[in-house]
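Visitor: Here is my input; please provide its structure:
(chains A and B)
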Amino acid sequence: MFGLHYWLERKSIGFTLAIIGVASIGGLFEIAPLFTIHQTVEEAPDMRVYTPLELAGRNIYVREGCYACHSQMIRTLRDEVERYGPYSLAVESKYDHPMLWGSKRTGPDLARVGGKYSDEWHVAHMSNPRAVVPESIMPSYARLLANDLRIDDLPRHLRTMRTVGVPYADDMIANAANDAIGQAAPDDPRSEGVTKRYGEATTVRAFDGVPGRLTEMDAMVAYLQILGRLTDAAHKTVASTDAPAGGKSP
Amino acid sequence: MIAQLTRNERQLVVVIMLVLAACGLALAGAGQGDPLGAHGFLIMLAAIGGLFWAISGYFAPMPAADRSDSYYDEPSKAGILIAMVWAAIGMFVGVWVAWLLAYPDSTLDAGWASFGRLRPVHTTSVIFGFGGNGLIATSFYVMQRTSRVRMPDQLSPLFVLFGYNLFCVLAVTGYLMGITQSKEYAEPEWYADIWLVIVWVTYLVLYLRTLARRKEPHIYVANWYYLAFIVVVAMLHVVNGLAVPVSWGSAKSYSLFSGVQDAMTQWWYGHNAVAFFLTAGFLGMMYYYLPKRAGRPLYSYRLSIVGFWGITFFYMWAGSHHLHYTALPQWVQTLGMTFSLMLLVPSWAAATNALLTLNGAWHKVRDDATLRFMMVAAVFYGLTTFEGSFLAIRAVNSLSHYTDWTVGHVHAGALGWVAMITFGSIYASVPWLWKREGMYSSRLVEVHFWLALAGTVIYVLAMWNSGIIQGLMWRTYNANGTLAYSFVDSLIAMHPYYIARAIGGLFFLLGALVGCYNIWMTIRAVPQPGSEPAGDVPVPALGGE
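Guide: Below is the predicted model of the structure:
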């Protein structure tokens, strides 16, 4: 073996090719099958895509680096399930390009924060975190309320998402800007298109509390409120595994 | 610097700068109203600056015809100075964000000054700015000495060095403007990623061209590691960076992968950025500078081989240990854990090889802070790789993951290993490169050493404590069978450790600043005639070449 190496270490191209070969094996065995093994991602027929407003909010979440302190991945551990809710399923981030599972909880996990607090709470909390949670160390994001949301490029964003595999329909792409306005303006006629395209259950509210003006805060709160609620799959899984074990008390 | 380029190379610089300026102009035009436009202007400005630089020296006398009788060290000198500038910036921002976690209001009221945007500025500046420039500068130095030949041309090393720094500047300024892919340690957007590919391919070609001209039959072990660093980082960068831009005029792109596949790809990248950027590259550094400074031959050739191929093979499987108990299929988690444990063998082979090389030179370790930097680096390398394998065990990871323990582990590696070996190598190279007898002040090297060591120990101890407390509080149940602590309870418990961590970081920053001063004063000192190391020249070219 060392004799072979004695020969190899005199060939610069051969040595480089050997590095490429040896270093490729791990990825080929661990990543490639994730695209082909069918059970890797569960089925969730009820899952919907992000609305344009939620997608814009997600992009602000990325822009501000929220993922550095907040995970979106509840592990299959009892204390995590009790603290945050049912553990995360792979399907729930199926439309997340990129995923935001995170690696650090300087703040709490957000995978199921949707619906946990009111819009008003979120707006107050992001405007001044310590006014709501005195011990918080989160930065203030008051400027989201002052910034108008950019919507002119939303059709292009949806189209790009479709290119990478998210099933946005043609009319979703064409109406992306109007849908963003409509979702944050319940009295506006454009709000009807949102529920028509994304389902009756889609929340249409003046998320930032200021109707008639579309701000980055609208998008951010809309995104936070949909986290964990694109599909019910996680709740169903927990229910079905709990049922047979119901007879055995701890 | 331009005076050392041949006529053809000077012309090529002008062409490259014109092309780069045109690209910058195109991005600026296409990206109007988007943060991309600002980056277009930045690229154009950099190119115009480069153009003026090239023109200013265009008519300088031609380089000496016998230049192949000496090594080409200008890029290494520039790289070391740039690395120290990045160290100061990156560590300063690191200390700043550390204070923000203890006192969240100690920042400016501006979007760019919030924790979420500054944090990648810190990581990119220290890993890619400080570490990357240190690697490029030392790799140029080492590959010429161990091949006993000058680099094949004068232009490509400069292109690699300055092109790489343009990438770093685009990355860091991008985060401040909110441009990020959100992939940890791979945040820069698509256009910066494409630029890095161009730079990196040039780097690999330069390395292979130099090796092809070498006058030594064998490729020295340091070069194996530098080669693995260059080749594998290219693989990781290309695969993890696959994304579709929203448009040619938008900085934003969407990753080609989503959800679980994206997570696995990201941590395959993330962990192997640790492996091939922060480990392989710096092992290359260690394998050259440590034996050289100690004046001892490398302890074992066979340990080097086992260590090298073990690291190259095992590391690539280990990324999934970042995803224990997540929605990633369990078989991948188990594979990641298994290989992480096996990884201890080649890691300790490398650390052992380094420490045993010091046998017979331990008195030098006592007296010479530069060599002590390298020795302590090897010790921290061994400790951190042990801790890494330990944290990769699923049961341990259930406690440590998401907590500050991970941060402590990373900094044991980044401060104790990566930064220490880099400082040691820089302190060794500066007098060699600038032809000085020694550093301006060996006492200041000593001061730096103790500041760095104290800072690292304070930092790591603080984060071990806070991480383990955090992990335990999150999973503690009270007598009623419900969770004992709210999240905020754990946050309050972190406060004293966050202060301690910031102080540890401050020590480390101060040490680096002392280093900057010492290096600056060394360069300013008048060169001693005859202090040139004997025999530090390439093997003379044979007739006809």
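Visitor: Around chain A, which positions in the stretch 351-500 of chain B sit nearby?
Guide: Contact residues (C-beta under 8 Å from any C-beta of the partner chain) of the stretch 351-500 of chain B with chain A: B:398, B:401-403, B:406-407, B:474-475, B:477, B:482-483, B:487-488, B:491-492. In short, each C-beta sits where N, CA and C put it, glycine included.
Visitor: which parts of the stretch 101-250 of chain B sit against chain A?
Guide: So the stretch 101-250 of chain B meets chain A at B:101-102, B:104, B:107, B:111, B:114-117, B:119-120, B:175, B:178-184, B:204, B:208, B:211-212, B:217-219, B:224, B:227-228, B:231-232, B:235, B:239, B:243-247, B:250 (C-beta under 8 Å from any C-beta).
Visitor: residue contacts, the residue in the stretch 101-250 of chain B that chain A sits nearest to?
Guide: Nearest residue of the stretch 101-250 of chain B to chain A (C-beta to the nearest C-beta) works out as B:Gly116 at 2.8 Å. Going by C-beta atoms under 8 Å, 6 or more residues apart in numbering or on different chains, B:Gly116 touches A:Glu64, A:Gly65, A:Cys66, A:Ala68, A:Cys69, A:Pro139.
Visitor: if we go to 6 Å?
Guide: Counting by C-beta atoms under 6 Å, 6 or more residues apart in numbering or on different chains, B:Gly116 makes contact with A:Glu64, A:Gly65, A:Cys66, A:Ala68.
Visitor: Can you tell me the closest non-neighbouring residue to the third one?
Guide: Excluding the flanking residues, the one nearest A:Cys66 by C-beta to C-beta, 6 or more residues apart in numbering or on different chains is B:Gly116, at 5.9 Å.
Visitor: and whichever helix or strand the one you found is part of, average pLDDT?
Guide: B:Gly116 belongs to helix B:115-124 when elements are defined using DSSP states H and E. Mean pLDDT, helix B:115-124: 97.
Visitor: before we move on, what about stretch A:69-89?
Guide: Per-residue scores along stretch A:69-89 average to 97.
Visitor: Ok, stretch B:505-515 next?
Guide: The model assigns stretch B:505-515 a mean pLDDT of 98.
Visitor: likewise stretch B:355-371?
Guide: Here stretch B:355-371 scores 96 as its mean pLDDT.
Visitor: gap between the two ends of it?
Guide: 11 Å (C-alpha to C-alpha, to the nearest Å).
Visitor: Identify the residues contacting the nearest residue to B:Lys252 once chain neighbours are set aside.
Guide: Computed as C-beta to C-beta, 6+ apart, the closest residue to B:Lys252 that is not its neighbour in sequence is B:Val246, at 4.8 Å. Counting by C-beta under 6 Å, 6+ apart, B:Val246 makes contact with A:Arg156, A:His157, A:Thr160, B:Lys252.
Visitor: and the residue of the stretch 301-450 of chain B nearest chain A?
Guide: For the stretch 301-450 of chain B, C-beta to the nearest C-beta, closest residue to chain A: B:Met316, 3.0 Å.
Visitor: ok, how many other residues are close to the nearest residue to that residue once chain neighbours are set aside?
Guide: Residue nearest to B:Met316 in three dimensions, not counting chain neighbours: A:Gly26, with 3.0 Å by C-beta to C-beta, 6+ apart. For A:Gly26, the tally of surrounding residues (other C-beta atoms under 10 Å in any protein chain shown) stands at 23.
Visitor: before we move on, what about B:Asn8?
Guide: Neighbour number of B:Asn8 under other C-beta under 10 Å is 10.
Visitor: go on, B:Thr334?
Guide: Neighbour tally, B:Thr334, other C-beta under 10 Å: 14.
Visitor: ok, now how distant is it from A:Ser88?
Guide: 19 Å (C-beta to C-beta, to the nearest Å).
Visitor: show me the contacts for B:Trp464.
Guide: B:Gly408.
Visitor: Also B:Gly360?
Guide: B:Arg296.
Visitor: ok but it is inside a helix, no?
Guide: No. Counting by DSSP: H, G, I helix; E, B strand; the rest coil, B:Gly360 is located in no helix; its state is coil.
Visitor: Got phi/psi on it?
Guide: The phi and psi values for B:Gly360, taken as degrees, to the nearest 10, are phi 90, psi -10.
Visitor: cool, and the one 5 residues further on?
Guide: Main-chain dihedrals, B:Val365, degrees, to the nearest 10: phi -60, psi -40.
Visitor: Measure how buried it is and give me the count.
Guide: 19.
Visitor: Is the residue positioned nearest the centre of chain A in a helix, a strand, or coil?
Guide: Centroid-nearest residue in chain A: A:Asp96, 5.3 Å away (criterion: C-alpha atoms, centre = their mean). The three-state label given to A:Asp96 by three-state DSSP is coil.
Visitor: Please verify my assumption that it contacts B:Gly259.
Guide: Yes. Counting by C-beta atoms under 6 Å, A:Asp96 touches B:Gly259, with 5.5 Å between them.
Visitor: What's the PyMOL line that selects buried ones from the residues of the stretch 351-500 of chain B next to chain A?
Guide: The buried residues among those can be selected in PyMOL (16 or more other C-beta atoms under 10 Å in any protein chain shown) with this line:
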select buried, chain B and resi 398+401+402+403+406+407+474+475+483+487+491
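Visitor: The residues of the stretch 351-500 of chain B next to chain A: which two are farthest apart?
Guide: B:Val407 and B:Thr482 (28.7 Å; C-beta to C-beta).
Visitor: So, low pLDDT: which residues of chain B?
Guide: B:528-534, B:541-545 (pLDDT under 70).
Visitor: Let's see that with 80 instead.
Guide: Scanning chain B for pLDDT under 80 picks out B:1, B:526-535, B:540-545.
Visitor: so where do the strands sit in it?
Guide: Per DSSP state E, chain B carries strands over the ranges B:243-245, B:253-255.
Visitor: got a markdown table for these, with mean neighbour count too?
Guide: As requested, the strands of chain B are exported to a markdown table (neighbours: other C-beta atoms under 10 Å in any protein chain shown):
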| stretch | mean neighbour count |
| --- | --- |
| strand B:243-245 | 18 |
| strand B:253-255 | 23 |
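Visitor: Tabulate those (TSV), appending distance to B:Ala351.
Guide: Below are the strands of chain B laid out as TSV (distance: least, C-beta to C-beta, whole Å):
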stretch	distance to B:Ala351
strand B:243-245	37
strand B:253-255	36
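Visitor: so what's the residue nearest to the spatial centre of chain B closest to, chain neighbours aside?
Guide: Centroid-nearest residue in chain B, with C-alpha atoms, centre = their mean: B:Gly131, separated by 2.5 Å. Take B:Gly131 and drop its neighbours on the chain: the residue closest to it by C-beta to C-beta, 6+ apart is B:Val418, 5.8 Å away.
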